[in-house]
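Participant: With the sequence up front, the predicted model follows.
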There are 2 protein chains.
Amino acid sequence: MPKEIPLNLSLREKNDLTARENRKRFKDLGLRVLNMIGSPGSGKTAILEYTARKLGKKLAVIEGDVATTRDADRVRACGCQAVQIETGGGCHLNAEQVQKAFGQIDPAGVGVLIIENVGNLVCPAAWDLGEDAKVAVLSLPEGEEKPSKYPALFVRAQAVLITKIDLKAVLDYNLEQVKADCRKLNSQAAILELSAKTGEGMEGWLEYLTKLT
Amino acid sequence: MPKEIPLNLSLREKNDLTARENRKRFKDLGLRVLNMIGSPGSGKTAILEYTARKLGKKLAVIEGDVATTRDADRVRACGCQAVQIETGGGCHLNAEQVQKAFGQIDPAGVGVLIIENVGNLVCPAAWDLGEDAKVAVLSLPEGEEKPSKYPALFVRAQAVLITKIDLKAVLDYNLEQVKADCRKLNSQAAILELSAKTGEGMEGWLEYLTKLT
């Protein structure tokens, strides 16, 4: 809790202490926690809507956005608890924001907490929120070069979701190159191809979540 | 120049002083300068490739990326000067990086300089590089909510490029809502719809550039 943190720590050090508290609390509750990171419009919220429809109250979501509460409203409407953090200009979530938002969630019956970070491939990758794993979200229309150009996220991510796979037919997209680039940065990451729109590949994502819990 | 800047200034103040120097230098050279900002994969580089093919040596480009020199290589291959800044993790360009990169450009015959910022809808919006205008790039696959969710950029942008318009037929996209949201934030901004892939709307963009010079 903030009161226990000495005042002479850097912002990052304070964050990491709070992230450690979050991690302990999540573990004590038997919760598995994912930190979902991707560009604006990469399809993160659509995946969460789909997931909420399938998992219902077993899922809880913390939404991070620069402005608006739209994403939490969208996900809540699909049947799970969802709390919005509005960063008011901040380009990533921090552990204290997550700690406060989690205070509004009733953990009873929840198995998985997914934190949707601010839409940004750069800054969120460097901030620990107390999650078990970072999940990178990368949509087909963004092109093939994103893993090479934004390596910090892909090096750390334990799963890469390649989204909007339904657009494969209309986009000239080299899926194999993207997967090879991801593996070069991180040979351990699970790579899932999916479309929340058509449902293609979504069973693989749900299975990934089940294995976590 | 860095030497002239007192050491007790904040990073932001130093940046703004250097941005002012850049602005004066660009003005003295009769250059019009745009700071192009958009999500990763929103189509910024594709627009610059198209523009370089049309304007040739009248255009110069400074490319900002977290890693790789691919974008500068792509744009240079289309016939204009292009210099790459690799931020090494930095989530936005700053004025000093632009000043240094501009030192590698021969300004003779150049009328327009376009700075492609790091792919990020949040952080670059807040940093002045010495440009005449910020240009927001927003691609159809990112969805309709981006102006409302990332207002800082859209409030400041003097032009909004809605890109990948060729995907209109396959995406369920409410173009009128996006334009209305942009206008709510900024009634003065020019809004251009275009596709660098099919060339649709690109003459409007070239005309916008011509009017600048």
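Facilitator: Cool, the structure landed.
Participant: which stretches of chain A form strands?
Facilitator: A:32-38, A:59-65, A:81-86, A:112-116, A:133-139, A:159-163, A:190-193 (DSSP state E).
Participant: partners of the fifth one in the sheet?
Facilitator: Using DSSP bridges, the strands paired with strand A:133-139 are strand A:32-38 (parallel), strand A:159-163 (parallel).
Participant: Also the fourth one?
Facilitator: Each strand that strand A:112-116 pairs with, and the sense of that pairing, follows from DSSP bridges: strand A:32-38 (parallel), strand A:59-65 (parallel).
Participant: okay, the angle between it and strand A:81-86?
Facilitator: 20 degrees (axes from the mean of the first three to the mean of the last three C-alpha atoms, to 10 degrees).
Participant: rewinding a little: let me have the strands paired with strand A:112-116 in JSON lines, adding distance to B:D71 and mean neighbour count as columns.
Facilitator: Every residue, glycine included, has its C-beta placed from N, CA and C. Formatted as JSON lines, the strands paired with strand A:112-116 follow (distance: least, C-beta to C-beta, whole Å; neighbours: other C-beta atoms under 10 Å in any protein chain shown):
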{"stretch": "strand A:32-38", "distance to B:D71": "20", "mean neighbour count": "26"}
{"stretch": "strand A:59-65", "distance to B:D71": "28", "mean neighbour count": "27"}
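Participant: May I see the ones you listed organised as CSV, with mean pLDDT added?
Facilitator: Compiled in CSV, the strands paired with strand A:112-116 are given as follows (pLDDT from 0 to 100):
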stretch, mean pLDDT
strand A:32-38, 98
strand A:59-65, 97
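Participant: partner residues bridging A:V61?
Facilitator: Residues in beta-bridge contact with A:V61 (DSSP bridges): A:A82, A:I114.
Participant: hang on, isn't it packed against A:N117?
Facilitator: No - counting by C-beta atoms under 8 Å, A:V61 does not reach A:N117; the two are 11.7 Å apart.
Participant: what does chain A have sitting close to chain B?
Facilitator: Proximity of chain A to chain B is confined to A:39-42, A:65-68, A:70, A:89, A:91, A:118-123, A:126, A:139, A:141-143, A:145-146, A:148-152, A:164, A:167, A:170 under the rule C-beta under 8 Å from any C-beta of the partner chain.
Participant: give me the beta-bridge partners of the residue nearest in space to the middle of chain A?
Facilitator: Of all residues in chain A, the one closest to the mean position by C-alpha atoms, centre = their mean is A:M36, 1.0 Å from it. Note on A:M36: beta-bridge partners A:E116, A:V135, judged by DSSP bridges.
Participant: wait, doesn't it sit right on A:V118?
Facilitator: No - checked against C-beta under 8 Å, the pair A:M36 and A:V118 is beyond contact range at 10.7 Å.
Participant: With just CA atoms, put stretch A:136-156 into CSV.
Facilitator: Output of stretch A:136-156 as CSV, limited to C-alpha atoms (Å, rounded to 0.1, in the frame of the first residue of the first chain):
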residue,chain,number,x,y,z
ALA,A,136,0.8,-9.2,-27.2
VAL,A,137,-2.1,-8.4,-29.6
LEU,A,138,-1.2,-7.8,-33.2
SER,A,139,-3.7,-7.3,-36.0
LEU,A,140,-3.3,-8.3,-39.6
PRO,A,141,-3.9,-4.8,-41.0
GLU,A,142,-0.9,-3.5,-39.0
GLY,A,143,1.5,-5.2,-41.3
GLU,A,144,4.2,-7.7,-40.9
GLU,A,145,7.0,-5.6,-39.4
LYS,A,146,5.6,-4.9,-36.0
PRO,A,147,7.6,-7.5,-34.0
SER,A,148,10.9,-6.3,-35.5
LYS,A,149,10.0,-2.6,-35.0
TYR,A,150,8.6,-2.9,-31.4
PRO,A,151,10.7,-5.7,-30.0
ALA,A,152,10.4,-4.8,-26.3
LEU,A,153,6.8,-6.2,-26.1
PHE,A,154,7.4,-9.3,-28.2
VAL,A,155,10.5,-10.3,-26.2
ARG,A,156,8.4,-10.2,-23.0
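Participant: pLDDT on it, on average?
Facilitator: In this model, stretch A:136-156 has a mean pLDDT of 95.
Participant: Give me the distance from that stretch to the chain's centre.
Facilitator: Here the centre of stretch A:136-156 is set off from its chain's centre by 14 Å, with C-alpha atoms, centre = their mean, to the nearest Å.
Participant: Would you mark the buried spots in that stretch?
Facilitator: For stretch A:136-156, a neighbour-count test (16 or more other C-beta atoms under 10 Å in any protein chain shown) marks A:136-154, A:156 as buried.
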